[in-house]
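J.: This is the structure alone, sequence omitted:
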């Protein structure tokens, strides 16, 4: 299965394992809660989905790359204790708590979250001395005489032997006690993730054209060469930041991330063209509604790959704008919720104290999410914006003179109105960009397949489709209806052909 399906499978397992009866007992006892063994190629997102599952489920996450551990750190250190049996005292070997299990208890103490996921990466690459301990843990959920707390699901991940020479095979006894999930790379699923995360447009559009270069591991005379989803995402992050600071990313740098030379060279060439197209087609001006007839002619006569690259540039910029609207919309809604509580508490409490409490609550959420191991940048940024706004309101109220509580509320309402206006401005500007992009492409390619692809990409893009759904776009709806009509005609023709063939 692909990584998206694996994520759903693990989410469903977690939900089942944590379901309790009316007395508060787990419906599936701990001994029957099989650990999940997630096996698949490196760099396809096995680690990332763990954080996503934990965040979406509201549980804790403790992650370990098990190859970094020894038998002692995993199992604990031995020490001598005294026991009395039948009146006689004996020296008995016990073990300190495993570092791994201690981390689980630390998270529960810090966050108050009592349930979670213990993720052990590279499980099949452990050392000779550690292997028996890890197998025991998968089978019995214990390290020595220490047990994993109830409510914690074990997920272990590893790479198949063809990707790692040091892997160990699991025996039947172990496999019969785990849920083994084989996961494979899938560009379609990765692209959905990439557009949601806002990965660099050059990476997304290049792989859309050269899908065969998305993932590859090859053994050559020079060793193993590879391109992975992780490499593309990390390269994307670098490209985005380097553009902001004005640093050029060269071929050698690309090769440090995409370690399959022929693909790295091909992408380096594409990146140069991508940057050239950005300048020659003046994408920013196009989205503002300004372009020359010669620009339209150049795109009309351009090769198909070039047209796709230009559309990728347009979609990338539209995605940035739509994301800005999405962020402002979410911020406005969250701030509205906070200020509704502020209004309800205002008659009985001091404005300063209310805002401080609201801000502190969000700081606590930020800290808890970070300590629970699933604070993603999107969630972090949203909470930081709320905290910043509430602290700003508090400072401005403390520095002002208000005759009564109603005046305070009116002032805060006016400040909030500025955020609502900003949301409308972002939405209106983005709407104009959508309209201009469609007008430009209609002039350049008409109703050709490129426009079909453009509409399809908007439909499948998270931020783009969200914007259209919430704010509309007449050109999109018009072309989408035409596509649906054409699809119905195609289906009817195929039905007629089948009917004629069967007679």
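T.: On my side now, so go ahead. Fair warning: this is a prediction, and the values are worked out from it, not measured in the lab.
J.: Can you point out the buried residues in stretch 191-203?
T.: Within stretch 191-203, the residues scored as buried using 16 or more other C-beta atoms under 10 Å are 191, 193-195, 198-203. The way it works is simple: take the backbone N, C-alpha and C, and place the C-beta from them, glycine included.
J.: With secondary structure, pLDDT and distance to residue 468 as added columns, please give those in TSV.
T.: Output for these, formatted as TSV (DSSP: H, G, I helix; E, B strand; the rest coil; pLDDT from 0 to 100; distance: C-beta to C-beta, whole Å):
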residue	secondary structure	pLDDT	distance to residue 468
191	helix	87	18
193	helix	86	20
194	helix	86	19
195	helix	84	14
198	coil	82	17
199	coil	87	21
200	coil	89	23
201	helix	87	19
202	helix	89	24
203	helix	92	24
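J.: Considering those, which is situated nearest to residue 226?
T.: Nearest to residue 226 among the buried residues of stretch 191-203: residue 203, at 16.3 Å, using C-beta to C-beta.
J.: Once you drop chain neighbours, what's closest to the closest one?
T.: Of all residues not flanking residue 203 in the chain, residue 236 sits nearest, at 4.5 Å (C-beta to C-beta, 6 or more residues apart in numbering).
J.: Correct me if wrong, but that neighbour is in a helix.
T.: Yes - assessed by DSSP: H, G, I helix; E, B strand; the rest coil, residue 236 belongs to a helix.
J.: and the buried residues of stretch 191-203, which two are the farthest apart?
T.: 193 and 202 (16.9 Å).
J.: can you list the domains in this structure?
T.: As recorded under automatic domain parsing, the domains making up the chain are 3-80+95-184, 186-280, 289-476.
J.: Just put the ones you listed in TSV and tack on distance to residue 86.
T.: Output for the domains of the chain, formatted as TSV (distance: least, C-beta to C-beta, whole Å):
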stretch	distance to residue 86
domain 3-80+95-184	20
domain 186-280	59
domain 289-476	47
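J.: ok, residues contacting stretch 205-212?
T.: For stretch 205-212, contacts defined as C-beta atoms under 8 Å, 6 or more residues apart in numbering pick out 187, 191, 213-214, 232, 266-267, 270-271, 274, 305, 308-309, 311-313, 315-316.
J.: How far does that stretch sit from its chain's centre?
T.: 20 Å (C-alpha atoms, centre = their mean, to the nearest Å).
J.: Quick check: mean pLDDT of it?
T.: What stretch 205-212 shows for mean pLDDT is 88.
J.: Next: stretch 97-116.
T.: The model assigns stretch 97-116 a mean pLDDT of 85.
J.: Sort out which residues of it are buried, please.
T.: Under 16+ other C-beta under 10 Å, the buried positions of stretch 97-116 are 97-101, 103-104, 107-108, 111, 113, 115-116.
J.: same check, this time on stretch 1-9
T.: Under 16+ other C-beta under 10 Å, the buried positions of stretch 1-9 are 2-4, 6-7, 9.
J.: Could you identify the pair within the buried residues of stretch 97-116 that is furthest apart?
T.: 99 and 115 (20.6 Å).
J.: coming back round to it: restricted to buried residues, select the contacts of stretch 205-212 in PyMOL.
T.: PyMOL command restricting the contacts of stretch 205-212 to the buried ones, with burial defined by 16+ other C-beta under 10 Å:
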select buried, resi 187+191+213+214+232+266+267+270+271+274+308+309+311+312+313+315+316
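J.: In helices only, show me the contacts of stretch 205-212.
T.: Among those, DSSP state H puts 187, 191, 232, 266-267, 270-271, 274, 305, 308-309, 311-313, 315-316 in helices.
J.: contacting residues for the residue nearest to residue 203?
T.: Taking C-beta under 8 Å, 6+ apart as the test, what residue 236 contacts is 194, 199-200, 203.
J.: mind running it again at 6 Å?
T.: 199-200, 203 (C-beta atoms under 6 Å, 6 or more residues apart in numbering).
J.: any idea how far residue 258 is from it?
T.: According to C-beta to C-beta, to the nearest Å, residue 236 and residue 258 sit 11 Å apart.
J.: pLDDT weak spots in the chain?
T.: Residue ranges of the chain with pLDDT under 70: 67-76, 126-129, 144, 161-168, 171, 173, 447-448, 482-503.
J.: any chance you could map the strands in it?
T.: According to DSSP state E, the chain carries its strands in the segments 36-39, 60-65, 78-85, 88-95, 116-121, 142-143, 146-147, 152-158, 179-182, 216-220, 223-227.
J.: how far is the last one from where the chain is centred?
T.: When distances are taken as C-alpha atoms, centre = their mean, strand 223-227 is centred 26 Å away from the chain's centroid.
J.: Show me what it is packed up against.
T.: strand 216-220 (3 or more C-beta pairs under 6 Å, 6 or more residues apart in numbering; DSSP states H and E).
J.: just the fifth one next, same as before
T.: Packed against strand 116-121 by the contact rule (3+ C-beta pairs under 6 Å, 6+ apart) you find strand 60-65, strand 152-158.
J.: Of those, give the one that comes closest to residue 435.
T.: With distances scored as C-beta to C-beta, the stretch of the helices and strands packed on strand 116-121 nearest to residue 435 is strand 60-65 (43.3 Å).
J.: Mind listing what's buried along that closest one?
T.: 60-64.
J.: and residue 106, what does it touch?
T.: No contacts exist for residue 106 under C-beta under 6 Å, 6+ apart.
J.: Adjust the sequence numbering to begin at 39 for everything that follows.
T.: Let's use 39 as the start, then, which means that last one is residue 144.
J.: quick one: residue 48 and residue 157, what's the gap?
T.: Residue 48 is 10 Å from residue 157, by C-beta to C-beta.
J.: I should have written residue 445 there, sorry.
T.: For residue 445, the distance to residue 157 - C-beta to C-beta - is 53 Å.
J.: ok, those two, which is more surrounded?
T.: Shown here are residue 445 and residue 157; by other C-beta atoms under 10 Å, residue 157 has more neighbours (27 against 12).
J.: any idea how far stretch 414-431 is from the chain center?
T.: With C-alpha atoms, centre = their mean, you get 19 Å for stretch 414-431.
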